[in-house]
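A.B. asks: Here's my sequence, what's the structure:
(2 chains)
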Number of protein chains: 2
Amino acid sequence: MDQGNSGLRVESFVAALGRALATGDAAAAAGLFGAECYWRDLAALTWNIHTAEGRDAIVAMLSATLATARPSGFALESSGATADGGEEGWFTFETATGRGRGHVKLVEGVGFSLLTALQELKGFEEKQGASRPEGVEWGAQRGRVTWQERRAREIAELGHSVQPYVLIVGGGQGGIALAARLRRLEVPAIVIDKLPRPGDAWRSRYKSLCLHDAVWYDHLPYLPFPAHWPVYTPKDQIGDWLEMYAKIMELNFWGSTECVGSHYDDAAGEWTVQVMREGKPHTLHPKHLVLATGMSGVPNMPEIPGMENFKGNIYHSSNHPGGPGWEGKRAVVVGANNSAHDIAVDLWEHNAASVTMIQRSSSMVARAESLRANGDRGPYSEPAAQRGLSTDQADLMVAAVPYAVQPRVQKPVADKLQETDRDYYDRLRRAGFLLDFGDDGSGLGQKYIRRGSGYYIDVGGAELVADGRIGLRSGVQVASFGESTVTLSNGEVLPADLVVFATGYGSMNGWAARLISQDVADRVGKCWGVGSNTTYDPGPWEGELRNMWKPTRQDGLWFHGGNLAQARHYSRYLALQLKARLEGVPTPVYALPPVRHLG
Amino acid sequence: MDQGNSGLRVESFVAALGRALATGDAAAAAGLFGAECYWRDLAALTWNIHTAEGRDAIVAMLSATLATARPSGFALESSGATADGGEEGWFTFETATGRGRGHVKLVEGVGFSLLTALQELKGFEEKQGASRPEGVEWGAQRGRVTWQERRAREIAELGHSVQPYVLIVGGGQGGIALAARLRRLEVPAIVIDKLPRPGDAWRSRYKSLCLHDAVWYDHLPYLPFPAHWPVYTPKDQIGDWLEMYAKIMELNFWGSTECVGSHYDDAAGEWTVQVMREGKPHTLHPKHLVLATGMSGVPNMPEIPGMENFKGNIYHSSNHPGGPGWEGKRAVVVGANNSAHDIAVDLWEHNAASVTMIQRSSSMVARAESLRANGDRGPYSEPAAQRGLSTDQADLMVAAVPYAVQPRVQKPVADKLQETDRDYYDRLRRAGFLLDFGDDGSGLGQKYIRRGSGYYIDVGGAELVADGRIGLRSGVQVASFGESTVTLSNGEVLPADLVVFATGYGSMNGWAARLISQDVADRVGKCWGVGSNTTYDPGPWEGELRNMWKPTRQDGLWFHGGNLAQARHYSRYLALQLKARLEGVPTPVYALPPVRHLG
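C.D. replies: Predicted coordinates:
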């Protein structure tokens, strides 16, 4: 991002953009872009997470938002050449109500992509650095209230005599990161989780589980992992980190608390939420309800004839305890993605008599080491950290690439992976494994964005499949159960004492159905996916993840989720949207999309 | 520290120094220095913390150490002009066994001060950044041991079937920072504290207590406070931080554990330490014993005639609980330094009928705001943090100023303080307060180094003294007690229900007397102080703090303490000295000083 020889043109672009926007000239602004162009806005102009694609869409977006957003003060921070021969620049700007950062990429001298990302609200800046609190209370004061007393009072009152403005359901990394953002923005919030302690969602998983993403990608906001933190954090260690984080960030975390029902009162503009807290019923009245139950929805558990007569154990992958207990048992694992592989390995490691994986459809496998080697060239890596690249900046760099552009950026990487690891993939194919690299060959990242599934990041399991220590049946389904067998769709009968369904999860709006009502679930529709018209991600094209971190068609209902990086980055925009509403900052939402799929 | 126009001369100096040391020419090396000169070594050449003062001392030090230390590879990192017209540079170097960083200051073109600080041991580098552990265990492995299982096994074994190499007595910030360093260096260590949880030493103090140093000065190693952390951390908040830190850094912290006796077996080269852990006796056999009981020793509690007949309460300031309970009571606080003021304010805030401070001798008072304004120009400040100055670098910058030079650097600051806050000081004097700014006017920092006492950082208490809400009697002592009175040395009788002795602490070797034996305490002698021949710091000049973080005259016995910044910085050198001994790296100690004062 050093000032390169391309500085001048990016500078001219940003200056011209500033002039056009200052005079409210949407057409002039759009005219700075080429035929293929994107303007991605993160809550700065649209109070939405929205990508305008093409000049007409940019004109439409600006025409609707310029009068209230009034973007101004565009100032170039840095510029340089891009690897693909374009030019790029980073800039700051402000709106009527906030301050933002942005990115522009020029191709052949005209605008290709623009990012505008809200960073803070004017008058409601987070207190940090030079504006951090004093801590000590100066002078002698009778009736002094200490930090501890203030905190104890808040804990005693919030959710009782004082209602939270926001209730976050789900205390995993998503709920915790959002709660931390809200805390720093002084938005009263409670996060509830059915498990007792922060981090228990990780602790309760199978014992060999480690984060699948490397540490540089996984930092929480405000408090990065120290330099000795492992590359792939073991589950109990991330559990401890989350517990510590919730404490140090002074989050109002209610453990052992389950949401049992809720409804929205349109007239009052607030929710009534019934929870069971440590076995006792309690009612909360937040203005906003955030479902932070992961990017996954309710577990998919198929109904298969004969299940009811099966004498062994059947459960969903999310309930696999891991560890000993299955010695000498014959296990069948349905599925061939991350959880299926991890669980199959776990069962093999604990001396199951046999482990057979049922691969229903093709899947992508990628060696973690190969992904890591790619990652080492990217913004989330030790080399990047050593260069001084901040995690916040890395997040914006990633956010600056529109969803529509990502497949063409990522396909060459996926192609190269196939080439580099050709022998590895050949061995898997020879074992009968059905491989794919996405409907369009764009690889793992796009599978994650489109469907949140369909891949295995290989930390060793594929080896066992390749050499037959884990059995494999592919292109088949479980057709029926006997008392101690499963029958596959090709007629093969497998003896079984345990059947694990690693069959994924429904859309997050399944949680809305469960915790609120089917009506509300249908009103907001499917979550996640971008409308790529590929497997499990029906079109039409949306250009953004459906319903995530932005207003939905149900007032006061929000969805938060994703991996640690998304939880970190997008919690910023969700928190700012909530803070603006708390403070009465006008938040006219542009381009709330129609609901096209129910779940 | 940018490359300035003075770069060349510093570069020449460093190059010439490297050449002289490479050929073992101590005289040539010393010849690079001026008549007044200092070489401060932090465990790099001397395996000691030692300052050689003057060319002869430098020759002596180098003659004794060069053959084994073999310093080489001097490489300038940066150089520039100093504010006082000199030149300075930072450099790296290595020795036979380690790698270090150093600083040189030239005055009029010749060496004035040199710092050589060991940073890591060759072959025993901390695993961090690119060398951090993987976390995940690659591949499928039967008998896999997870992070949690490994940690649980360590907790079960260490101190039982496996002996710690180091036992740290005292689990405040000092013990915790050292334990963290040792952990990262893979030195098996246990830290014990009589209170149950890490941080309890802070939590148990009076309620209004906050750190007296600003946040930029207070970071622990590895895991800095986040940007929203208050400037002066309230005691319960620092307590929570320490508790979290001990957990996340995986320290072996034994709470509710008191050391009840210990002795050193010269033949075996190890300690036998009796502890009571949660009420049960237990014996440990560490090779090294670190007393990390703060920079303060055992509380000073005077014996005064009539004490035994006093009907009210008498206690040392370290036992003041703070908070309510003294409403309507007449309180006398003996002392006029930090604790005395804080406790007097606390009693006043909680509606004691009267609070009278007995100032026995003069004290320094400085407004925290004024100190902060000075600090904002220094290396531990928000401006410095914004410039990207790391805490490690700030620590080395401070360490680069020899103790002998500090008073002349600090006196102008103290002089300016008196000028800026003249009205404030006049008001205090009018109230009868006996003020001093150190025997030589060098101010608070030197009082801390020389005696660890003699000042009050004013966060509001002096105001109450100045306007009489807190009574003051100065230049007097408590001569005797009646049943409900104290009689002062001038004959005045004060009615009293509570007498608090904020009369400080003895030298840290008082802990050696209590936990080991008077013999050992006398063998190591007084801790702290530099031999400045000022009040409470008798000469002769030592040039370094006595016995702190370095070998003592008792094998296997070490003292660790000081404020958060010292605990952070000097724990590095203490940890490296211990690691070297664990690994059998030769550690010939140069210039172990004679013991001149017993405590």
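
A.B. asks: three-state assignment of the residue of the stretch 151-300 of chain A found nearest chain B?
C.D. replies: For the stretch 151-300 of chain A and chain B, the shortest gap (Cβ to the nearest Cβ) falls at residue A:230, measuring 2.8 Å. Backbone N, C-alpha and C define where each C-beta goes, glycine included. Secondary structure of residue A:230, reduced to three states by DSSP: H, G, I helix; E, B strand; the rest coil: coil.

A.B. asks: For it, give me its contacts.
C.D. replies: Neighbouring residues of residue A:230 by Cβ atoms under 8 Å, 6 or more residues apart in numbering or on different chains: A:210, A:215, A:237, B:132-136.

A.B. asks: Tell me the buried residues in stretch A:257-264?
C.D. replies: For stretch A:257-264, burial by neighbour count (16 or more other Cβ atoms under 10 Å in any protein chain shown) applies to A:257-259, A:262, A:264.

A.B. asks: Repeat that for stretch A:177-188.
C.D. replies: A:177-185, A:187-188.

A.B. asks: Could you list which of those residues belong to helices?
C.D. replies: Secondary structure from DSSP state H places A:177-184 of those in helices.

A.B. asks: is it true that residue A:276 lies in a strand?
C.D. replies: Yes: assigned with three-state DSSP, residue A:276 falls within a strand.

A.B. asks: Now tell me which of the contacts of residue A:230 the prediction trusts least.
C.D. replies: Note: of the contacts of residue A:230, the lowest pLDDT belongs to residue B:136, at 85.

A.B. asks: Can you get me a residue count around that residue?
C.D. replies: As a burial measure, residue B:136 scores 21 neighbours (other Cβ atoms under 10 Å in any protein chain shown).

A.B. asks: Likewise for residue A:392?
C.D. replies: Residues near residue A:392, counting by other Cβ under 10 Å: 15.

A.B. asks: Surely it forms part of a strand?
C.D. replies: No: counting by three-state DSSP, residue A:392 is not part of a strand but helix.

A.B. asks: Relative to chain B, how far out is it?
C.D. replies: 12 Å (Cβ to the nearest Cβ, to the nearest Å).

A.B. asks: Contacts only, for that residue.
C.D. replies: Contacts of residue A:392 (Cβ under 8 Å, 6+ apart): none.

A.B. asks: At the contact with chain B, which residues of the stretch 51-200 of chain A appear?
C.D. replies: The stretch 51-200 of chain A has residues A:126-130, A:132-144, A:146-149, A:184 near chain B, with proximity defined as Cβ under 8 Å from any Cβ of the partner chain.

A.B. asks: go with 10 Å
C.D. replies: A:126-152, A:180, A:183-184 (Cβ under 10 Å from any Cβ of the partner chain).

A.B. asks: got it, and the stretch 251-400 of chain A?
C.D. replies: Contacts of the stretch 251-400 of chain A with chain B, taken as Cβ under 10 Å from any Cβ, map to A:322-323, A:341, A:344-346, A:348-351, A:368-369, A:372, A:376, A:381-383, A:385-386, A:388.

A.B. asks: send the alpha carbons of whichever strand or helix holds residue A:246 over as PDB?
C.D. replies: Residue A:246 is located in helix A:235-248, with elements delineated by DSSP states H and E. The C-alpha coordinates for helix A:235-248 follow below in PDB (Å, rounded to 0.1, in the frame of the first residue of the first chain):
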ATOM      1  CA  LYS A 235     -11.000 -26.500  21.500                       C
ATOM      2  CA  ASP A 236     -10.500 -26.300  25.200                       C
ATOM      3  CA  GLN A 237      -7.900 -23.500  24.800                       C
ATOM      4  CA  ILE A 238     -10.300 -21.400  22.700                       C
ATOM      5  CA  GLY A 239     -12.900 -22.200  25.300                       C
ATOM      6  CA  ASP A 240     -10.700 -20.700  28.000                       C
ATOM      7  CA  TRP A 241      -9.900 -17.700  25.900                       C
ATOM      8  CA  LEU A 242     -13.600 -17.000  25.300                       C
ATOM      9  CA  GLU A 243     -14.300 -17.300  29.000                       C
ATOM     10  CA  MET A 244     -11.500 -14.900  29.900                       C
ATOM     11  CA  TYR A 245     -12.500 -12.500  27.200                       C
ATOM     12  CA  ALA A 246     -16.100 -12.300  28.400                       C
ATOM     13  CA  LYS A 247     -14.900 -11.600  31.900                       C
ATOM     14  CA  ILE A 248     -12.300  -9.000  30.900                       C
END
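
A.B. asks: partners of the helix or strand that it is followed by in the sheet?
C.D. replies: Beyond helix A:235-248 in the direction of the C-terminus, DSSP H and E gives the next helix or strand as strand A:253-254. Its sheet considered, strand A:253-254 pairs with strand A:189-192 (parallel) by DSSP bridges.

A.B. asks: Report the distance from the strand it pairs with to the chain centre.
C.D. replies: From the chain centre to the centre of strand A:189-192 is a distance of 19 Å (Cα atoms, centre = their mean, to the nearest Å).

A.B. asks: got a list of contacts for the following helix or strand past that strand?
C.D. replies: Sequence-wise, the next helix or strand downstream of strand A:189-192 (DSSP H and E) is helix A:200-203. Helix A:200-203 is contacted from outside by A:170-173, A:175-176, A:193-197, A:209-211, A:233-243, A:255-256, A:293-294, B:148, using Cβ atoms under 10 Å, 6 or more residues apart in numbering or on different chains.

A.B. asks: Can you select the buried ones from these in PyMOL?
C.D. replies: In PyMOL, this line selects whichever of these come out buried by 16+ other Cβ under 10 Å:
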select buried, (chain A and resi 170+171+172+173+175+176+193+194+195+197+209+210+211+233+234+235+236+237+238+239+240+241+242+243+255+293+294) or (chain B and resi 148)
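
A.B. asks: returning to what we had before: adding pLDDT and distance to residue B:63, write the buried residues of stretch A:177-188 out as JSON lines.
C.D. replies: Below are the buried residues of stretch A:177-188 laid out as JSON lines (pLDDT from 0 to 100; distance: Cβ to Cβ, whole Å):
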{"residue": "A:177", "pLDDT": "98", "distance to residue B:63": "59"}
{"residue": "A:178", "pLDDT": "98", "distance to residue B:63": "64"}
{"residue": "A:179", "pLDDT": "98", "distance to residue B:63": "62"}
{"residue": "A:180", "pLDDT": "98", "distance to residue B:63": "57"}
{"residue": "A:181", "pLDDT": "98", "distance to residue B:63": "60"}
{"residue": "A:182", "pLDDT": "98", "distance to residue B:63": "64"}
{"residue": "A:183", "pLDDT": "98", "distance to residue B:63": "60"}
{"residue": "A:184", "pLDDT": "98", "distance to residue B:63": "58"}
{"residue": "A:185", "pLDDT": "98", "distance to residue B:63": "63"}
{"residue": "A:187", "pLDDT": "98", "distance to residue B:63": "66"}
{"residue": "A:188", "pLDDT": "98", "distance to residue B:63": "68"}
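
A.B. asks: what about the strands in the stretch 301-450 of chain A?
C.D. replies: For the stretch 301-450 of chain A, the strands defined by DSSP state E, counting those that start in this stretch occupy A:313-316, A:330-334, A:354-359, A:364-367.

A.B. asks: still on that earlier bit, tell me which entries of the residues of the stretch 251-400 of chain A next to chain B lie within helices.
C.D. replies: A:341, A:344-346, A:348-349, A:368-369, A:372, A:382-383, A:385-386.
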